[in-house]
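Colleague: My questions are about this predicted structure, shown below with the sequence.
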Amino acid sequence: MQIEVYDRLEQLDDLRSDWDALLAEFPHATTFSTLEWLIPWWRAFAGDSRLRILAARDESRSLVGLAPLALISHRSFGTDLRLLRLMGDGSHDSDNLDLPVRPGWEAEFGQVLINWLESRHSDWDICQLRTLPSDSPMGTQVREGLKNRGWKLSLSARPGCVVDLGETWDSYVKRLSSKERGKIGLRSRRLEKKYADVKIRKCANVSELEYALQALFDLHGKHWNLRGLPGTLQSPARRQFYGELAQLLLARKRLEFWILEIDSRIKAAQFGLRHADTVFSLQEGFDPDYSSDSVGYVLRGQVLKNLIADGIRKYDFLGGTDDSKVRWGAEVRSYVNLEFARPRTLGSFHLSVRDKSAETKEWLRQRLPASVWQTLKRVTGRSAS
């Protein structure tokens, strides 16, 4: 197996067909490993980061593994560190980042990847493979390889929610609580009775994307402004990212961008990503002035009904486990974060100090009275949640 390194975005055009072919063979592939996601993300958020995409090829020059990485500079605990992290990580937009590999090549790719990291040890201090699916084959391989070599490894997890939709709408709603089943029909009927012109539809033409995206940005911002916060979609970089991403996904029929209109004005919007039989719910917004009409809830119910009829079998809410997700029958799953460094290095020392600090915070949080803990958080100026 040979490793080729791509360090410029322009080079990925030569890799695109092989990249797509590998994802077609990788059973854990998601939108977040596609170039339709990663290239717009890089253009919007990369900043001073430097690409280090590793492409592993077999003797016949076929692509068998990918490690889309990026090298960044980061200051933490008063120390300048060089982080090698997954392309797409760092802006809090990406989940399910992974290392695609052809089935049967996991062990060899894992060994070659760690060998490459060892040979380039002078270039990085800490390697971060974050938001990996808990069942990521390469996550398992890398973890075992690091333990065998005695490298410092820090593990953490973050919860997420996924709905198993089943094959029919009736079979899906039967798995919901009786209270939730009643809400779906009642709220839809109530909305249609109250307003003469209610439409729910998917954005299918590039000509309407700008209008629909602006509505999503406005609705999302309006909701957060009520809390005294700007909201994440007010960022120019994020708006650029969504605009480019939407066009690329729409062209490949992988965009699930749904809107609810009342009197021809958008009052709720949900922006999703389609990959195989799964839709990932990336972002949404609704008009707070219509919260009593449950416009976001009504839209979700109709979207799920349409997706099931169209062959979608999983609806992934991505990170978070709040009630607004669980009530739709979502099961809690987790993402795994692997952070590691070679032994007896600056990176290894930093991970040890950070992990010890986190353990101390958790110990204090569990034992201090809530009022004292909140005061301590304010005094230190740190988030200890």
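Modeller: Nice, thanks for sending it over. Numbers count the residues shown, from 1 in each chain.
Colleague: helices and strands of the chain: which one has the lowest mean pLDDT?
Modeller: helix 370-380 (a mean of 65; mean pLDDT, DSSP states H and E).
Colleague: Quick check on the nearest residue to residue 139 once chain neighbours are set aside: phi, psi?
Modeller: Using Cβ to Cβ, 6 or more residues apart in numbering and skipping the chain neighbours, the partner closest in space to residue 139 is residue 132 (4.3 Å). To be clear about C-beta, it is placed using only N, CA and C from the backbone, and glycine gets the same treatment. Reported as degrees, to the nearest 10, the phi and psi values for residue 132 are phi -70, psi 140.
Colleague: Number of residues surrounding residue 132?
Modeller: 26 (other Cβ atoms under 10 Å).
Colleague: what do you get for the one 3 residues further on?
Modeller: Applying other Cβ under 10 Å, we find 12 residues neighbouring residue 135.
Colleague: helix/strand/coil for the residue nearest to it when sequence neighbours are not counted?
Modeller: What sits nearest to residue 135 in space, not counting adjacent residues and going by Cβ to Cβ, 6+ apart, is residue 28, at 6.9 Å. The local conformation at residue 28, judged by DSSP: H, G, I helix; E, B strand; the rest coil, is coil.
Colleague: How about the contacts made by the nearest residue to residue 238 once chain neighbours are set aside?
Modeller: Sequence neighbours aside, residue 232 is the residue nearest to residue 238 in space, at 6.2 Å (criterion: Cβ to Cβ, 6+ apart). The contact partners of residue 232, by Cβ atoms under 8 Å, 6 or more residues apart in numbering, come to 92, 220, 238.
Colleague: Check what pLDDT the second one gets.
Modeller: Predicted confidence (pLDDT) for residue 220: 95.
Colleague: is it true that it touches residue 235?
Modeller: No: contact between residue 220 and residue 235 fails when scored by Cβ atoms under 8 Å: they sit 11.2 Å apart.
Colleague: give me the element residue 145 is part of.
Modeller: Element membership of residue 145 [criterion: DSSP states H and E] is helix 137-149.
Colleague: pLDDT weak spots in this protein?
Modeller: For the chain, the stretches with pLDDT under 70 are 358-364, 367-368, 372-373, 375-385.
Colleague: go again using 90 as the cut-off
Modeller: Applying pLDDT under 90 to the chain flags the ranges 1, 74-79, 223-231, 321-324, 353-385.
Colleague: Which parts of it belong to which domain?
Modeller: Partitioning the chain according to automatic domain parsing yields domains covering residues 2-159+334-343, 166-312.
Colleague: Pipe those into TSV and attach distance to residue 369 per row.
Modeller: Shown next, in TSV, are the domains of the chain (distance: least, Cβ to Cβ, whole Å):
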stretch	distance to residue 369
domain 2-159+334-343	27
domain 166-312	27
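Colleague: before we move on, back to that, the residue nearest to residue 139 is in contact with residue 94, isn't it?
Modeller: No: applying Cβ under 8 Å as the test, residue 132 and residue 94 come out as separate, 11.1 Å apart.
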